[in-house]
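Engineer: need the 3D shape of this:
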Amino acid sequence: MGELGRGAMGVVYKAQDPAIGRIIAIKSIRLNDLTEEHERERLRERLFREAQSAGILSHPGIVTIYDIFEEAGLAYIFMEFVNGPAFENMLGAAQTPDKDTLLSILRQIASALDYAHRKGIIHRDIKPANIMIHEDGSAKVTDFGIAKIASQAMTQTGTIMGTPTYMSPEQVQGIPVTGQADQFSLAVIAYEALTGEKPFTAEYLPTLLYKIVREEPIPPTLLNPTLDAKVDGVMRRAMAKAPADRFPSCAEFIESLAEALNAAPGWTPLPRGASQHISTVGSQDSNPQPDSPPTIEKHVEETRAIELPPAIPDGVPAKGVPVASVPSVSPPATKEPMGATVLLPHADSWAVPTSLPPPSESHLFRNALIIGVLVLLGVGGYLAYLRVNPPTPVAATHTPASTDPAPVPTPQTIPPPPQNATAKQDAEPTPPKPVATAANTSTAPAVPATGDFQLTTTPAGATAEFDDNPDTTCHTPCTISLSVGRHTFVVTASAYREARRILEIPHDTGFIVNLDRQMGTLNLVTTPPGLAISVDGQEHASKTPTTLQLTPGSHRIEVIKGTDRQGFAVEIHDGSTVTRTVEWQ
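Structural biologist: All right, here's what the predicted structure looks like:
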């Protein structure tokens, strides 16, 4: 039906499932663009892991994966179509989302991430480009391609996975991550949405990683004066260097942020780059009094006053950060904004200083040491590259190389998805051809054309439909005979979220599927706090403020203070997050 987007290795198409008529998105990836077989295998593994990770997540805030298919060096992922832009596009627009829309998007993302974390899955690449905003305002997290199932070691130790600008310190160091890593990335997104600036920027990757691990970002209130000072504390905690110092969950972080933002009713988010035009930023005419609020100049001067070590291994580690695992990179001393006028770092560059004071002897020694370390790192990196990719010697006695030019991938020639692959296959998949080996003789047993598959669900009595074919349904627990090849099925039950899975016959002989109850979230805040609550006539164990998980439908909530009660009705939808504030009358 059309092309939605084009990337370095493939195209995303909009298509229609001919079986049931729904609109879907198809992500195509050219596996053959990678010349090394092991690289192709790693990409293939990542794609199937994306389908696996998202396949066990059934949440309104997570893009649903329907199937995955590979043909002629092209891989196709069939997924839910989101009719709307990426959050990245909204942040880059001249007119940013209003404050109510922004808080709604952040709450939905937090709810989806907390759900994935409860399932033991960490996304590890949360960024605005991986958040889709539907035309109805609902936010959906996509691209679980590098998601990690907490109980499995899916990547090699020390491998950095994720987008650098939004990565957590523990990802930079290559140590095991938890759901707090996604919370850190969500905090970076919130910081950028509120101030129009990324909290960590640098011209070079080593400098950026250094900042993420060791430096604190500029307080948001210095970039956006409409914010209350409480926002600084909330963001500082969510972006703490040690995961244990962050909030217990993403939802608690966003609710604390919302409470801090609402302390200044006139707050407003800033578009990208807007903070550079604030009149109080870097003004030489301003002369703040001792009791006036802190300024960016003061923050930069305080940061500059801290003597940083020439390299991280010789310094004092940040709280909870082991020294040995921090990248050995020097601080960006030559890139630090200096001079009479302080300019904020913009995008991924640093402002050129208008004047530089002469370096002291200690700085000359430090700079010489820094240059020596960088030279050693560069030489060591080049030698490591040569070890992995040794140059091919060319001599007159060698056979001349082929004059054929190296193949150049051309995105314009990417073939569209095969007609029979615009959705899950309606027909029976063709059994794979047997491989001819020495062991194959006329007496070898024939490969079976079908295999039995046993399905069990919790709770029992759910309905399973295979390959979108109503004729292949059963009620769990059940056993069904399927043809050899790839199949998909969906499990449905009243008051539970549907679950989709992909299986391969004869490799898979049975699944146990645990269905999730349909649930919504109620964030309840009272003034004063510490009040008892009742839900549908039953007293709840927690006190306000609290977060309640409720089934979809109408509920009666009462706030109790002594013998007095105040109540209200609330409508809960699956996957939604509702916030209610009660001021005691």
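Engineer: could you use CA atoms for every contact and neighbour count after this?
Structural biologist: Noted.
Engineer: what does the closest residue to residue 57 other than its chain neighbours show for phi and psi?
Structural biologist: Leaving aside its sequence neighbours, residue 57 sits nearest to residue 116 (C-alpha to C-alpha, 6 or more residues apart in numbering; 6.7 Å). Main-chain torsions, residue 116, degrees, to the nearest 10: phi -60, psi -40.
Engineer: what's the local residue count around residue 116?
Structural biologist: 23 (other C-alpha atoms under 10 Å).
Engineer: kindly state the pLDDT recorded for it?
Structural biologist: We have a pLDDT of 90 for residue 116.
Engineer: where's it relative to residue 528, distance?
Structural biologist: 33 Å (C-alpha to C-alpha, to the nearest Å).
Engineer: what's next to stretch 230-248, contact-wise?
Structural biologist: 168-170, 178, 180-181, 183-184, 187-188, 191, 213-214, 219-221, 253, 256-257, 260-261, 263, 318-321 (C-alpha atoms under 8 Å, 6 or more residues apart in numbering).
Engineer: tell me the buried residues in it?
Structural biologist: For stretch 230-248, the neighbour count (16 or more other C-alpha atoms under 10 Å) marks 230-232, 234-243, 246-247 as buried.
Engineer: just checking: what are the partner strands of the helix or strand encompassing residue 78?
Structural biologist: Element membership for residue 78 (DSSP states H and E) is strand 74-80. Applying DSSP bridges to the sheet, strand 74-80 is found paired with strand 23-30 (antiparallel), strand 65-71 (antiparallel).
Engineer: buried residues, stretch 66-77. List them.
Structural biologist: 66, 67, 68, 69, 74, 75, 76, 77.
Engineer: any idea how many residues pack against the closest residue to the fifth one other than its chain neighbours?
Structural biologist: Read that as residue 74. In space, and not counting its chain neighbours, residue 74 is closest to residue 30: 4.8 Å by C-alpha to C-alpha, 6+ apart. Look at residue 30: counted by other C-alpha under 10 Å, it has 22 neighbours.
Engineer: same thing with residue 523?
Structural biologist: 18.
Engineer: what is it paired to in the beta sheet?
Structural biologist: Beta-bridge partners, per DSSP bridges, of residue 523: residue 547, residue 579.
Engineer: okay, it and residue 543: tell me how far apart.
Structural biologist: Distance from residue 523 to residue 543, by C-alpha to C-alpha: 12 Å.
Engineer: and the stretch of helix or strand residue 5 belongs to, C-alpha only, in CSV?
Structural biologist: Take DSSP H and E as the rule and residue 5 turns out to sit in strand 2-6. Extracted as CSV, the C-alpha positions of strand 2-6 are listed here (Å, rounded to 0.1, in the frame of the first residue of the first chain):
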residue,chain,number,x,y,z
GLY,A,2,3.0,2.3,0.3
GLU,A,3,6.3,3.1,1.8
LEU,A,4,6.4,4.5,5.4
GLY,A,5,10.2,5.1,5.8
ARG,A,6,13.6,4.1,4.5
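Engineer: returning to that earlier point: what two of the buried residues of stretch 66-77 are the furthest from one another?
Structural biologist: 66 and 74 (17.3 Å; C-alpha to C-alpha).
Engineer: so who does the residue nearest to residue 57 touch?
Structural biologist: Here residue 116 is in contact with 57, 122, 123 (criterion: C-alpha under 8 Å, 6+ apart).
Engineer: show me this protein divided up by domain.
Structural biologist: 2-81, 87-279+296-335, 449-517, 520-583 (automatic domain parsing).
Engineer: how about the strands in the stretch 451-585 of the chain?
Structural biologist: 463-466, 473-475, 478-483, 485-492, 499-505, 510-514, 520-527, 532-535, 538-543, 546-550, 553-561, 564-572, 577-583 (DSSP state E, counting those that start in this stretch).
Engineer: dump those to JSON lines, plus distance to residue 268 and mean pLDDT.
Structural biologist: Putting the strands of the stretch 451-585 of the chain into JSON lines (distance: least, C-alpha to C-alpha, whole Å; pLDDT from 0 to 100) gives the following:
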{"stretch": "strand 463-466", "distance to residue 268": "48", "mean pLDDT": "94"}
{"stretch": "strand 473-475", "distance to residue 268": "52", "mean pLDDT": "93"}
{"stretch": "strand 478-483", "distance to residue 268": "55", "mean pLDDT": "92"}
{"stretch": "strand 485-492", "distance to residue 268": "43", "mean pLDDT": "90"}
{"stretch": "strand 499-505", "distance to residue 268": "39", "mean pLDDT": "87"}
{"stretch": "strand 510-514", "distance to residue 268": "43", "mean pLDDT": "84"}
{"stretch": "strand 520-527", "distance to residue 268": "22", "mean pLDDT": "87"}
{"stretch": "strand 532-535", "distance to residue 268": "33", "mean pLDDT": "92"}
{"stretch": "strand 538-543", "distance to residue 268": "31", "mean pLDDT": "85"}
{"stretch": "strand 546-550", "distance to residue 268": "26", "mean pLDDT": "87"}
{"stretch": "strand 553-561", "distance to residue 268": "31", "mean pLDDT": "92"}
{"stretch": "strand 564-572", "distance to residue 268": "28", "mean pLDDT": "91"}
{"stretch": "strand 577-583", "distance to residue 268": "20", "mean pLDDT": "85"}
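Engineer: nearest to residue 135, out of these?
Structural biologist: Of all the strands of the stretch 451-585 of the chain, strand 577-583 comes closest under C-alpha to C-alpha, at 18.1 Å.
Engineer: the closest one to strand 546-550, inter-axis angle?
Structural biologist: 130 degrees (axes from the mean of the first three to the mean of the last three C-alpha atoms, to 10 degrees).
Engineer: please enumerate residues in contact with strand 577-583?
Structural biologist: 107-108, 111, 520-528, 572.
Engineer: closest one of the buried residues of stretch 66-77 to residue 129?
Structural biologist: residue 77 (17.8 Å).
Engineer: okay, and the beta partners of the closest one?
Structural biologist: residue 27, residue 68.
Engineer: with residue 510 instead?
Structural biologist: Beta-bridge partners, per DSSP bridges, of residue 510: residue 454.
Engineer: ok, it touching residue 454?
Structural biologist: Yes. Contact between residue 510 and residue 454 holds when scored by C-alpha atoms under 8 Å: they sit 4.4 Å apart.
Engineer: how close does the closest residue to residue 184 other than its chain neighbours get to residue 218?
Structural biologist: Residue nearest to residue 184 in three dimensions, not counting chain neighbours: residue 239, with 5.2 Å by C-alpha to C-alpha, 6+ apart. From residue 239 over to residue 218 the distance is 12 Å, taken as C-alpha to C-alpha.
Engineer: try residue 555
Structural biologist: From residue 555 to residue 218 the distance is 43 Å (C-alpha to C-alpha).
Engineer: who's more crowded, those two?
Structural biologist: Neighbour totals were compared for residue 555 and residue 218, and residue 218 leads with 19 against 16 (other C-alpha under 10 Å).
Engineer: what about that one, which SS state?
Structural biologist: The three-state assignment at residue 218 reads coil, by DSSP: H, G, I helix; E, B strand; the rest coil.
Engineer: hey, C-alpha coordinates of stretch 68-83 in PDB?
Structural biologist: Provided in PDB are the C-alpha atoms of stretch 68-83 (Å, rounded to 0.1, in the frame of the first residue of the first chain):
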ATOM      1  CA  ILE A  68       8.700 -12.700  11.000                       C
ATOM      2  CA  PHE A  69       9.600 -14.100   7.600                       C
ATOM      3  CA  GLU A  70      12.900 -14.500   5.600                       C
ATOM      4  CA  GLU A  71      13.300 -14.900   1.900                       C
ATOM      5  CA  ALA A  72      16.200 -14.400  -0.600                       C
ATOM      6  CA  GLY A  73      18.400 -12.500   1.800                       C
ATOM      7  CA  LEU A  74      15.600 -10.200   3.000                       C
ATOM      8  CA  ALA A  75      14.000 -10.400   6.400                       C
ATOM      9  CA  TYR A  76      10.500  -9.100   7.100                       C
ATOM     10  CA  ILE A  77       8.900  -8.300  10.400                       C
ATOM     11  CA  PHE A  78       5.100  -7.900  10.400                       C
ATOM     12  CA  MET A  79       3.900  -5.600  13.100                       C
ATOM     13  CA  GLU A  80       1.100  -3.400  14.300                       C
ATOM     14  CA  PHE A  81       0.600  -0.200  12.200                       C
ATOM     15  CA  VAL A  82       0.700   3.000  14.200                       C
ATOM     16  CA  ASN A  83      -1.000   5.800  12.400                       C
END
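Engineer: noted, bye for now.
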